[in-house]
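Undergrad: Have a look at this prediction, sequence included:
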Amino acid sequence: MNILLTAINAKYIHSNLAVYSLKAYACSYCDSIAIAEYTVNQSIDDILIDIYKQQPDVLCFSCYIWNLTYVEELVCSIKKILPDLRIWLGGPEVSYDAVEVLRRYPEVDIVMKGEGEATFLELLTVIHSGGCHEKMLKEMKGIAFRGRSGQFYDGDWREAVDLSTIPFIYDNLKKFEHKIIYYETSRGCPFSCSYCLSSIDKQLRFRDLTLVKKELQHFLDHKVPQVKFVDRTFNCIHRHAEEIWTYIRNHDNGITNFHFEVAADIFSPGEIELIKTMRPGLIQLEIGVQSTNPETIEEIRRVMDFDKVSAVVREINSGGNVHQHLDLIAGLPGEDYQRFEQSFNQVYGLRPEQLQLGFLKVLKGSFMEEQKEQYGLVYKSSPPYEVLSTKWLSYADILRLKQVEEMVEVYYNSGQFTATLPLLEQVFATPFRMFEELAKYYEEHNLHMVSHTRIRRYEILLQFAVLRDSPRAEWYQEHLTYDLYLRENLKSRPPFAKDILSGDDAVRQFYADEAVTHRYLKGYGQYDKRQLRKMTHIEHFCYAVDNDGVREDCWLLFDYQNRSPISGQASVFRLQL
């Protein structure tokens, strides 16, 4: 019996925790189980050919909103060339309308509902038993299936599995080279957000901390670049979070980064102080704000105190050692275009390293889907079921927000304009209006449907800034030059940079002295003055230090070997030349 567990990931660097957990839990049948991982960027034909060559007897797909279209097409095609193949589906995208999935796709034999480990193991036991499979399937929990005569059977939901019984899947890390490692220490969610399927699973449970620490040490010993925790609200139990954070702080290898999804407003003072003691870049936090409108938060059944969120984000930010990623969702009930603008400005004001502007997805099985008539939700019929309009937001509003989202991604989330944007914000009533006007500029100049080079993005921003604030044209020119050299040691000067000020003799003398003293450049001891000059950059600026136009000549040294682990920016030193 050849069982093929198939995952179609969003990107090559992703791995699918689910299929590896299924195989590990069904370890008694491991010899007959293979795993195949693909991405949505591969052609359907290539995936189809590869599956056909493996000649599976049972083909299993892990289904999510980003891959269901691919899975559906593969299911319809593979059965034509392997007519005796049995097809099983699982995952959140098919769990909550399992019988409808069976009706829609006659090629599918079984849909696994909810958590799959125990269900998958029992299914393998059934097909290896040699008995009456249909009778045994009727007694199973956690599945819906098609009977021999074409009728559908929809079993009860299975009890939650003990997380500590799921084997560790990363003993052999060679299989996950150049991939993000996804790791799980809890399942379920304490909150009841109406747009989220995690809120359905109220059986919050945790993996034994002794196991967790042993497994974390495995990642640390192998210097894994990043471990991404998939726990829905990692810090919902303070003891659990503090023990794990304390362990990774005390056993830090100086390389591995850990990513957590957290609720900022439930942080304890002890957790904040613990985080402040961590190496810069050891952890990063993803915080789902979604909206700052209290009425919207209440309507979506979410518990969130934005004042507390703000205080925590600012406090953590003051430590300068943690990357924070904050999320907003457009299209939530009770939030129109103007109120979303307010949410945006409030969250933007916290200055997170990234501000993710997402759009509501009306997921099957969610409470949000049940309220679609009441909220006037119009959304795409196919995955990812993204909102098109609501009672509060028209489709035209959605399109405007999409344009703002693109500008935020290019100019804020890229981290490439950290000096220029605060200067440009002074011209606009709010940060949101700045991105909104920038989006309009893109559209008016036919820039919005073009793939621009990085340098071109700088040039466009300069043109926009000068158009809106011409008296300070030179300031924008210098700020953009600073931003560019902050990120990259360019081989040629950017076209918008000012002419190099005469001072080459002083620069040469600086590098000659630095090759001996290493007053500024630490860790460059093996390099001579010529190599130092190639590996770093010195630029002259006439910085505008306040809005009255006061200027101060300065020379800045950019050190690219010693970058910020949070922003990736070069270290910068002010020189006297």
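TA: Perfect, I can see it now.

Undergrad: Relative to the centre of this structure, find the outermost residue for me.
TA: Distance from the centre of the chain peaks at D505, with 47.5 Å (Cα atoms, centre = their mean).

Undergrad: what about V19, how many neighbours?
TA: For V19, the tally of surrounding residues (other Cβ atoms under 10 Å) stands at 25. Every residue, glycine included, has its C-beta placed from N, CA and C.

Undergrad: Could you confirm it falls within a helix?
TA: Yes - if the criterion is DSSP: H, G, I helix; E, B strand; the rest coil, then V19 is within a helix.

Undergrad: How about the contacts made by it?
TA: Counting by Cβ atoms under 8 Å, 6 or more residues apart in numbering, V19 touches L5, T6, A7, I35, E37, C60, S62.

Undergrad: What pLDDT does the model give it?
TA: Note on V19: pLDDT of 96.

Undergrad: for the nearest residue in space to it that is not next to it in sequence, helix, strand, or coil?
TA: Sequence neighbours aside, L5 is the residue nearest to V19 in space, at 4.1 Å (criterion: Cβ to Cβ, 6 or more residues apart in numbering). What three-state DSSP gives for L5 is strand.

Undergrad: How much space separates the residue farthest from the centre of the chain from F558?
TA: In this structure, D505 and F558 are 20 Å apart, going by Cβ to Cβ, to the nearest Å.

Undergrad: hang on, the earlier thing: so which strand or helix has the residue farthest from the centre of the chain?
TA: Here D505 sits within helix 504-517, counting by DSSP states H and E.

Undergrad: Could you identify the helix or strand that succeeds the lowest-mean-pLDDT helix or strand in the chain?
TA: None of the helices or strands of the chain scores lower by mean pLDDT, DSSP states H and E than strand 536-544, at a mean of 85. Moving toward the C-terminus from strand 536-544, the next helix or strand (DSSP H and E) is strand 551-563.

Undergrad: Would you indicate which residues of that next one are buried?
TA: For strand 551-563, a neighbour-count test (16 or more other Cβ atoms under 10 Å) marks W555, L556, L557, F558, D559, Y560 as buried.

Undergrad: Equivalent analysis for stretch 319-335, please.
TA: 321-335.

Undergrad: Show me which of those residues is closest to R187.
TA: For the buried residues of stretch 319-335, the closest approach to R187 (Cβ to Cβ) belongs to D327, at 20.8 Å.

Undergrad: Mind listing the residues bridging to the closest one?
TA: D327 has these beta-bridge partners by DSSP bridges: G288, Q356.

Undergrad: I figured it hits L360, correct?
TA: No - counting by Cβ atoms under 8 Å, D327 stays clear of L360, with 12.0 Å between them.

Undergrad: what's the overlap in contacts for the two?
TA: Joint contacts of D327 and L360 (Cβ under 8 Å, 6+ apart) do not exist.

Undergrad: Show the pLDDT at E134.
TA: 85.

Undergrad: Please report the distance of it from E107.
TA: Separation of E134 from E107 (Cβ to Cβ) stands at 18 Å.

Undergrad: And the two? Which one has more around it.
TA: Between E134 and E107, E107 has the larger neighbour count (other Cβ under 10 Å), namely 20 against 14.

Undergrad: Tell me the predicted confidence for that one.
TA: pLDDT, read off for E107, is 95.

Undergrad: need the contact list for it.
TA: Neighbouring residues of E107 by Cβ under 8 Å, 6+ apart: V75, C76, I78, K79, I87.

Undergrad: Of all pairs in these, which one is the farthest apart?
TA: Across these, the longest distance by Cβ to Cβ is 10.1 Å; it joins C76 and I87.

Undergrad: just to revisit the earlier point, identify the residue with the minimum pLDDT among the buried residues of strand 551-563.
TA: pLDDT across the buried residues of strand 551-563 is lowest for W555, at 90.

Undergrad: Spit out the contact partners of that one.
TA: Residues in contact with W555 (Cβ under 8 Å, 6+ apart) are G503, I538, E539, H540, F541, R574, L575, Q576, L577.

Undergrad: Looking at those, which is nearest R103?
TA: E539 (65.7 Å).

Undergrad: Quick check: beta-bridge partners of that closest one?
TA: Following DSSP bridges, E539 is listed with bridge partners L556.

Undergrad: Check whether P190 really touches T233, as I assumed.
TA: Yes - in terms of Cβ under 8 Å, P190 counts as a neighbour of T233; the distance is 6.1 Å.

Undergrad: more crowded one of those two?
TA: T233 (20 against 16).

Undergrad: Not counting its neighbours along the chain, what's nearest K440?
TA: Spatial nearest neighbour of K440, excluding adjacent residues (Cβ to Cβ, 6+ apart): Q403 at 7.8 Å.

Undergrad: Need the three-state assignment for that neighbour.
TA: helix.

Undergrad: Who are the contact partners of it?
TA: Counted by Cβ under 8 Å, 6+ apart, Q403 has contacts E436, A439, K440, Y442, E443, H448.

Undergrad: which stretches of the stretch 1-150 of the chain form helices?
TA: Ranges of helices within the stretch 1-150 of the chain are 17-25, 44-54, 68-81, 92-95, 98-104, 117-127, 133-138, based on DSSP state H, counting those that start in this stretch.

Undergrad: any idea which of these is most buried?
TA: helix 92-95 (a mean of 24; mean count of other Cβ atoms under 10 Å).

Undergrad: Report all helices and strands that that one contacts.
TA: The contact analysis (3 or more Cβ pairs under 8 Å, 6 or more residues apart in numbering; DSSP states H and E) places helix 92-95 against strand 110-112.

Undergrad: Quickly find the element holding R239.
TA: Using DSSP H and E, R239 maps to helix 238-250.

Undergrad: ok, then the element right after that helix?
TA: strand 257-262.

Undergrad: Which strands border that next one, and is each parallel or antiparallel?
TA: Strand pairing for strand 257-262, using DSSP bridges, gives strand 226-229 (parallel), strand 283-290 (parallel).

Undergrad: Report the residue spans of the protein with pLDDT below the cut-off.
TA: The chain contains residues with pLDDT under 70 at 131-132, 198-202, 501-502, 543-551.
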